[in-house]
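1. with the input below, show me the fold.
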Amino acid sequence: MDHFKIVIKVVDRNLSFQQTLDSSATVGDLERKAHQYLTRDSVKKIFVRHELSIGTVTSLDLSFRGERLKNSEKPLSSYEIQNGDIVEAEATWIEYGIQSLLYVECQINGFDVPAFVDSGCSISTLSTRLARRLGLLDVVDRDFAFEVDGPNGDEVIGCIHDAEVRLGGTLYSVNFDVMDSSTDLWIGLDMMIREGMCINVPKGTLEISSTKTQVPLLTLNEARRRVIRNRIKAARSLRREEKRFGRRGRQEVETSLKIERSVKN
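-> Got it, this is the predicted structure:
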C-alpha cells in the first residue's frame, strides 16, 4: 500500500511536522491530524519562541500547489500529492498569553527584583535565596513558620513583617512569608486584596486602586532585563560618587542620608 509522507507547514508561525498517511487517507484525515498536532505540541514551541503561555488552533485551512484543500472525504491521492510534498496551512489562533505577562518590576530593600503577581496564591512570599541576598534572613520571625498544603509539602520558615516594597514609584508595606522557591518574589492575594489590585488583561497593566496607579505587566525576560539595566545604572552611579567623594566620603554621605530618613520616619 502506498504511503504519503506529508509535511504540514504553518505559514504564519513557521512550524512544521511530518505525518505518514496511506493512499486511502482523505483531506479530512489530514486536517484532523494536523489540527491535533498543532493544538498539542505547537503550544510549547510558541511558548519558548514567542513567550506566549497558551495557544490553540480554532480553524485550519490547507492548500496544495495553490489549490485549497477543503475539509471533505476527498482522497489525498486525487490531488497527486507525492512523498515529501509540502501542504501549506494557514491557522487561526486563540492566544492566552496573560500567564507569561504577570511579572512587575519592583524594588525591595534597595534591590530591583522582578515580582510574580499570582491571584491564585493566598500569601505573598519571598524565597530564602532572595532573603539571604537582601540581608533579611536575620529579621525573619521564626514564630510564624508553618507547612504549606500542596504536592511538594513546602515549609515556610517564618515571616518578614512590614517589608517596604516600591511598586510603580509608590512604597507599600508587605508581610512576606519566607520559603524555598524557584521564584524569588510572589505578590499574592493578601496584598492584592489589601491594596485593591486588579489585573487588567486588555491593557496589560496591574491597577492599584489604593494609590490610583498602574504598573505595566511584563514577561519574566523583560522584567529581568529591566532589573539588570537598573543594576548597571546603580553601579555606574556608585562609581561616579566614589570618584567625586572617595569611598570614605561616599560612606559618610550614605550614613547621613540614612539618619535623615530615620528622622523623617
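2. OK, contacts around residue 137?
-> Residue 137 makes contact with 128, 131, 178, according to C-beta atoms under 8 Å, 6 or more residues apart in numbering. Using the backbone N, CA and C atoms, a C-beta is placed for each residue, glycine as well.
3. burial count for residue 132?
-> Here the count is done by other C-beta atoms under 10 Å, and residue 132 has 12 residues near it.
4. quick one: secondary structure of it?
-> Here residue 132 is recorded as helix under DSSP: H, G, I helix; E, B strand; the rest coil.
5. now swap in residue 182 and tell me
-> Under three-state DSSP, residue 182 comes out as coil.
6. which ones are touching it?
-> residue 127.
7. give me phi/psi at it?
-> Per-residue torsions, residue 182: phi -70, psi -20 (degrees, to the nearest 10).
8. turn the contacts of residue 137 into JSON lines, including pLDDT, distance to residue 205 and neighbour count.
-> Putting the contacts of residue 137 into JSON lines (pLDDT from 0 to 100; distance: C-beta to C-beta, whole Å; neighbours: other C-beta atoms under 10 Å) gives the following:
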{"residue": "128", "pLDDT": "90", "distance to residue 205": "30", "neighbour count": "16"}
{"residue": "131", "pLDDT": "89", "distance to residue 205": "28", "neighbour count": "25"}
{"residue": "178", "pLDDT": "93", "distance to residue 205": "28", "neighbour count": "25"}
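9. nearest to residue 227 among these?
-> Nearest to residue 227 among the contacts of residue 137 is residue 131, at 16.9 Å by C-beta to C-beta.
10. ok, now how distant is that closest one from residue 189?
-> Per C-beta to C-beta, to the nearest Å, residue 131 is found 21 Å from residue 189.
11. still on that earlier bit, mind putting the contacts of residue 137 in CSV, distance to residue 143 included?
-> Below are the contacts of residue 137 laid out as CSV (distance: C-beta to C-beta, whole Å):
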residue, distance to residue 143
128, 17
131, 16
178, 13
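12. how many neighbours does residue 19 have?
-> The number of residues packed near residue 19 is 17, by other C-beta under 10 Å.
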